[in-house]
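Asks: Quick one, fold the following:
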Amino acid sequence: MTSKKELEKRQNEDTYKLLISKVNSRLEKIYLGGGEKRIAKQHDKGKLTARERIEHLIDEDSNFLEIGAFAGYDMYKEYGGCPAGGVVTGIGYVKGRQCMIVANDATVKAGAWFPITGKKNLRAQEIAIENRLPTIYLVDSAGVFLPMQDEIFPDKEHFGRMFRNNARMSAMGIPQIAAIMGSCVAGGAYLPIMSDEALIVEGTGSIFLAGPYLVKAAIGEDVDKETLGGAKTQSDISGVTDYKMPDDKTCLETIRDLVDKFGKFENAGFDRVEPKAPKESPEEILSIFPNDPAKPYETKDIIKRIVDESKFTEYKSGYGKTITCCYARIDGWAVGIVANNRKVIKTEKGEMQFGGVIYSDSADKASRFIMNCNQKKIPLVFLHDVTGFMVGTRSEHGGIIKDGAKMVSAVSNSTVPKFSIVMGNSYGAGNYAMCGKAYDPRLIVAWPTAKIAVMGGSQAAKVLTQIQVASKKAKGEAPSSEDEKALFEKIKSRYDEQTTPYYAAARLWVDAIINPLETRKVISMGIEAANNAPVEKFNVGVIQT
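Replies: Numbers count the residues shown, from 1 in each chain. Purely as a prediction, here's the structure:
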């Protein structure tokens, strides 16, 4: 006879496999970019697609950690959508060297820049800057998407910021190579030429500040694209580009040859030993993690299935139990783990603490642990499943705001690389304290069960319903119980939609939605990238004790 616990595990696993299947199904559609017809047109021109170019560029059978595949998901419907934000970005291995790769997808509105395209490009450059990753741009873009130019062109974090970053990266000694494999026009022409070296493909690549139509309109000159800014013109006459390539594949092989000659940076010195697989099967994460976000579970059981040999050394194990802090190794790398404990806790005083809630003692413990990891130069991994900080009279009298501020300060001033895995809930100030996007994680990824918002849908709906009902009563318009229920459901529905991992990933609040079984790979590749950049000295600033 199947026990209740075993039945729950099977239900959890079935639910999770369905969620993973949904992620993969949506990714398959995203990977088609503008669709099969536009891919065929790209091939008819003798061009590879963005994803095909990346496949030819990176080492065979190596990992490619894609950043922002869900960018723009379910957005810009009035313009036909913008799969993956019209650009493919990620960390790939080229001649054994990790590189940031940015490839325009010309099947999506000719590779034009939507607002989310700009945000995604800047995120790719941010990762490259933080980790001193050589950057390769595979350019094939029509430039700014004109119907939305006011949302992509003029502001600080818009189109122009990318060229500013080109210059800053060059000054930092971060190698940048650009391949002009299609259109490269107007302001976008600066990106490849502000890179260290530029290649151009004959017949398909072109680069100019103004195309033939604008030249005709501006000065009345009739000129074709090739004469104006094709490969021969820009390589043999103007000298703007450095290498003239006969086709896409030769261009990509030449980039590989160039990367092969790069020198090495001084590294950060993060400790790594021979990797060892977890003794507890990672596959069991799918059955352990509950399908109900309110159900408790033992977070240490998740940690055992992520870390090498399922071994970890717990810090202050008997204190502040709603957060688990421990030292371990992931794929050989030494890490410090800060994880929300979703198990209901009974304190030494006989009081009950809710799992997934940060109490004063938990915040104090986590703060001290974060400082210790900085002192020892150990990268930090945050495992989110948090509903926020504890509220109420007792917590306020106990100084929860002070202790919460202490933890937020420690996270903010931490200089070792931080990696955030949003497993389940990530609500309110709990998101901040656990190194949400605003706190500069080197990478932040979500499991399909992730929920990110100021609070849960039911909580938010209750609060907002109470406010609106009180407002109506003050005006002498007391709503019926049916009206209250309808209002609650309307608000909850909107909130529930906005807390999904897809909503977050579409807006780049997280870098990716991953299968939990990829967690070790993501963290390992992230630390390998971070090891390229020495860390600054940790200065804690003002933290009240």
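
Asks: ok, the closest residue to N267 other than its chain neighbours - how many residues close by?
Replies: Setting aside the residues directly before and after it, N267 is nearest to N531 in space (Cβ to Cβ, 6 or more residues apart in numbering), at 4.8 Å. (C-beta placed from N, C-alpha, C; glycine too.) For N531, the tally of surrounding residues (other Cβ atoms under 10 Å) stands at 21.

Asks: quick one, phi/psi of N531?
Replies: Torsion angles at N531 (phi, psi; degrees, to the nearest 10) stand at phi -70, psi -10.

Asks: Surely it is in contact with F270?
Replies: Yes - counting by Cβ atoms under 8 Å, a contact exists between N531 and F270, whose distance comes to 5.1 Å.

Asks: Pretty sure D361 sits against C325.
Replies: No - between D361 and C325 there is no contact under Cβ under 8 Å: 11.9 Å.

Asks: Pick out whichever of the two has more residues nearby.
Replies: The residue with the greater number of neighbours, taking D361 and C325 and applying other Cβ under 10 Å, is C325; the counts read 26 against 18.

Asks: so is that one in a helix, a strand, or just coil?
Replies: Each residue gets one of three states, and C325 gets strand by DSSP: H, G, I helix; E, B strand; the rest coil.

Asks: Equivalent analysis for D403, please.
Replies: For D403, the assignment made with three-state DSSP gives helix.

Asks: any idea how far it is from S21?
Replies: D403 sits 41 Å away from S21, taking Cβ to Cβ, to the nearest Å as the criterion.

Asks: Looking only at neighbour counts, state which of these two leads.
Replies: Legend: neighbour count by other Cβ under 10 Å for D403 and S21, higher for D403 (27 against 11).

Asks: Now for that one: which residues touch it?
Replies: S360, D361, A363, D364, S367 (Cβ atoms under 8 Å, 6 or more residues apart in numbering).

Asks: so of those, which ones are in helices?
Replies: Cross-referencing the contacts of D403 against helices under DSSP state H gives S360, D361, A363, D364, S367.

Asks: got the contact list for A328?
Replies: A328 makes contact with I303, V307, D308, K311, F312, T313, A334, V335, I337, according to Cβ under 8 Å, 6+ apart.

Asks: Now do the strands in the stretch 51-200 of the chain.
Replies: Read by DSSP state E, counting those that start in this stretch, the stretch 51-200 of the chain holds these strands, from start to end of the chain: 64-67, 87-94, 97-104, 135-141, 176-185, 197-201.

Asks: typo on my end, the stretch 351-500 of the chain
Replies: Chain-ordered strands for the stretch 351-500 of the chain, with DSSP E, counting those that start in this stretch as the definition, fall at 352-353, 357-358, 380-386, 388-389, 418-427, 443-446, 451-453.

Asks: quick one on the thing from earlier: how much space separates the residue nearest to N267 from M525?
Replies: In this structure, N531 and M525 are 11 Å apart, going by Cβ to Cβ.

Asks: and the nearest residue to N532 once chain neighbours are set aside, what does it touch?
Replies: Ranked by Cβ to Cβ, 6+ apart and with sequence neighbours excluded, the top spatial neighbour of N532 is R132, at 4.4 Å. With contact set as Cβ under 8 Å, 6+ apart, R132 has these partners: M172, G173, I174, F265, N532, A533.

Asks: Please report how far R132 lies from G263.
Replies: Taken as Cβ to Cβ, the spacing of R132 relative to G263 amounts to 12 Å.

Asks: G211 now?
Replies: Plainly put, G211 is 38 Å away from G263 if you go by Cβ to Cβ.

Asks: In terms of neighbours, single out the busier of these two.
Replies: More neighbours sit around G211 than around the other of G211 and G263, counting by other Cβ under 10 Å; the figures are 18 against 6.

Asks: thought the more buried one was touching V185?
Replies: Yes - the pair G211 and V185 passes the contact test of Cβ under 8 Å, sitting 5.5 Å apart.

Asks: report the longest helix in this structure, please.
Replies: In the chain, taking DSSP H as the definition, the longest helix is helix 4-31.

Asks: Could you name the helices and strands sitting against that helix?
Replies: Helix 4-31 sits against helix 285-288, with contacts defined as 3 or more Cβ pairs under 8 Å, 6 or more residues apart in numbering; DSSP states H and E.

Asks: As CSV, could you dump the C-alpha coordinates of the very next helix or strand once past the helix it packs on?
Replies: Per DSSP states H and E, the first helix or strand lying C-terminal to helix 285-288 is helix 299-304. Coordinates of the C-alpha atoms in helix 299-304 are reproduced here as CSV (Å, rounded to 0.1, in the frame of the first residue of the first chain):
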residue,chain,number,x,y,z
THR,A,299,15.4,22.7,2.6
LYS,A,300,18.5,20.8,3.6
ASP,A,301,17.1,17.9,1.5
ILE,A,302,17.3,20.2,-1.5
ILE,A,303,20.8,21.3,-0.7
LYS,A,304,22.0,17.7,-0.4
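
Asks: Give me the buried positions along helix 299-304.
Replies: In terms of neighbour count (16 or more other Cβ atoms under 10 Å), helix 299-304 has its buried residues at T299, K300, I302, I303, K304.
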